[in-house]
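Colleague: return atomic coordinates for the entry below.
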Amino acid sequence: MSEDGSQTLVEHLADLRKCLIRSLLAIVAGFCACWIFSEQIFDFIRQPIAPFLKDGGLVFTAPMDKFLAHIKVCLLASVIVSCPFWMYQIWLFIAPGLYEKEKKYGVAFIFSGTFLFLTGVSFVYFIVYPMAFDFLMNFAGGTDTAMITISEYLSFFTTTTLVFGAAFEMPLILTLLGMMGVIDHHFLIKIRRYAIVVLAALSALVTPPDVISMFAMLVPLTLLYEVSILLVKTFSREESKDLVS
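Modeller: Numbers count the residues shown, from 1 in each chain. Here you go, the predicted model:
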């Protein structure tokens, strides 16, 4: 700890290490709990594409594929289930960089972060996947038969689900940067056009290769960006100083 009470770089890194270890332990604990329900979790993850597969099942080409698949789905489920805990660890790491009056938002940070992450995960599962698979699996007629391997599907599902969950955290991240004085709402308004281009590129990169899925991600992200401007304006340090004065 330095003389002015602020943490040194080494202390910050030590705190980061502690938070990462605690988060990993929570994910491991969640994994063990999810393993009991691995079959049900696997059925739930398979459900979006099941109507487009022969007999509703995926294909595996190696003896270990199905076992590894259950490990992957339990790990994904554990990350989702343990979201409130690792959001708490993130808050513990960033809280030292905030003013005392800003640290009172800890509960709101954990709640909103968990809500946004789960909203992103639910959005891609219940809205994006059905539209995307309906388009892709029925493209150019139904003569051909789909044989999707477990490893390919889980790789796509896991990556896309986590990216959507992380992308929906944008308002929280930008609000925190505003609270830290890194950005303000004027800056966000100034770069709005460039931000939309970046969001469009991100949407095209992480969604299935069809226009419907791209816009299904771009539209909510654009709305979340606009919400972020309002939140940053409300909670930024500049705004807080104006209210005090």
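
Colleague: which regions of the chain lie under the pLDDT threshold?
Modeller: Scanning the chain with the threshold set as pLDDT under 70 gives 1-7, 140-144, 237-245.

Colleague: which residues in it form helices?
Modeller: Under the criterion DSSP state H, the chain contains helices at 9-35, 38-46, 65-81, 83-94, 106-123, 129-137, 150-167, 170-179, 185-190, 192-206, 211-235, 237-244.

Colleague: quick one: the ones you listed as a markdown table, columns for distance to G57 and mean neighbour count too.
Modeller: C-beta: built from backbone N, CA, C; applies to glycine. Output for the helices of the chain, formatted as a markdown table (distance: least, CB to CB, whole Å; neighbours: other CB atoms under 10 Å):
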| stretch | distance to G57 | mean neighbour count |
| --- | --- | --- |
| helix 9-35 | 21 | 14 |
| helix 38-46 | 8 | 16 |
| helix 65-81 | 11 | 18 |
| helix 83-94 | 30 | 18 |
| helix 106-123 | 24 | 18 |
| helix 129-137 | 14 | 17 |
| helix 150-167 | 9 | 18 |
| helix 170-179 | 36 | 21 |
| helix 185-190 | 47 | 16 |
| helix 192-206 | 26 | 14 |
| helix 211-235 | 24 | 18 |
| helix 237-244 | 55 | 12 |
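
Colleague: of the ones you listed, which approaches F52 most closely?
Modeller: For those, distance to F52 was read as CB to CB. The smallest value, 3.8 Å, belongs to helix 129-137.

Colleague: just the residues contacting that closest one, thanks.
Modeller: Helix 129-137 has contacts (CB atoms under 8 Å, 6 or more residues apart in numbering) with P48, I49, F52, A146, T207, P208, P209, D210, I212, S213, A216.

Colleague: cool, stretch 187-199 as well?
Modeller: Residues outside stretch 187-199 that contact it (CB under 8 Å, 6+ apart): L174, L218, L221, T222, Y225, S228, I229, V232.

Colleague: if you set the cut-off to 10 Å instead, what comes out?
Modeller: Contact with stretch 187-199 is made by 167, 170, 174, 177-178, 183-184, 217-222, 224-226, 228-233, 236, as judged by CB atoms under 10 Å, 6 or more residues apart in numbering.

Colleague: assess the claim that L20 and F93 are in contact.
Modeller: Yes. Counting by CB atoms under 10 Å, F93 is a contact partner of L20 at 9.0 Å.
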